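using only what follows, build the 3D model:
(chains A and B)
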Amino acid sequence: EPEVTQTPSHQVTQMGQEVILRCVPISNHLYFYWYRQILGQKVEFLVSFYNNEISEKSEIFDDQFSVERPDGSNFTLKIRSTKLEDSAMYFCASSEIWGHREQYFGPGTRLTVT
Amino acid sequence: AQTVTQSQPEMSVQEAETVTLSCTYDTSENNYYLFWYKQPPSRQMILVIRQEAYKQQNATENRFSVNFQKAAKSFSLKISDSQLGDTAMYFCAFMKQTSGSRLTFGEGTQLTVNP
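Residues are numbered from 1 along each chain as shown, chains lettered A, B, ... in the order given. A predicted model of the protein is given here:
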């Protein structure tokens, strides 16, 4: 069964450093998403992406964040200068454009900012 | 803006028994989807069940079923014949029907199935 994959599974970085989280969505899906979950809290939407541009973003997704689809398979989330409060689990998800629109999630990347 | 509320932070059930998790939501939309996701200790988000708001019939997936009350904006999950592997955090989520819409999650309910 096709699945969303994410790398790395765990990333430790120092405050102020840039990080790039990578995702490979399901191959026939055209909508891509990033969510984050701070430990013990609910999952929060960051951004959605379609046709090589952002289709929606939340108030969390400020200028520190960017997304990109650098090639035909990868979808990345970049955090330019990490802060302690960026420590969270980051989930990538993808969905079809027609038909069943449920979002399928990857296993997540745990980001720890020290 | 949509909101999703899960008023039960924790629940427990004995193996083989039935448990119901509650969810309410608020929206001005008429067409939307509702979902239950399961998050085991691995923290992977796993889709459990989906309900389209235009369907009156409640969705079922094996041991999982929902009670969808559109007028009351209520969407509960019933797990029958609970198994130890059902132990997880369960999140209720709302999504507008428009393609590419965000998921709005509730706070989650930690379910523990006891042997």
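
residue ranges with poor pLDDT in chain A?
A:98-100 (pLDDT under 70).

mind telling me what element the residue nearest the centre of it is part of?
Central residue check for chain A by Cα atoms, centre = their mean: the C-alpha nearest the mean position is that of A:Trp34, 3.2 Å away. A:Trp34 is part of strand A:31-37, with elements assigned from DSSP states H and E.

circling back to that earlier point, who's in contact with the residue nearest to the centre of chain A?
A:21, A:23, A:46-47, A:67, A:77, A:90-93 (Cβ atoms under 8 Å, 6 or more residues apart in numbering or on different chains). In this view, the C-beta of every residue, glycine as well, is placed from N, C-alpha and C.

ok, 10 Å please
Shown in contact with A:Trp34 (Cβ atoms under 10 Å, 6 or more residues apart in numbering or on different chains): A:21, A:23, A:44-49, A:57-58, A:60-61, A:65, A:67, A:75-77, A:90-93.

with A:Ser58 instead?
Applying Cβ under 10 Å, 6+ apart, we find A:Ser58 in contact with A:34-36, A:44-48, A:65, B:102.

ramachandran coordinates for B:Leu47?
Per-residue torsions, B:Leu47: phi -70, psi 130 (degrees, to the nearest 10).

got the contact list for it?
Neighbouring residues of B:Leu47 by Cβ under 10 Å, 6+ apart: A:102-105, B:35-38, B:61, B:93.
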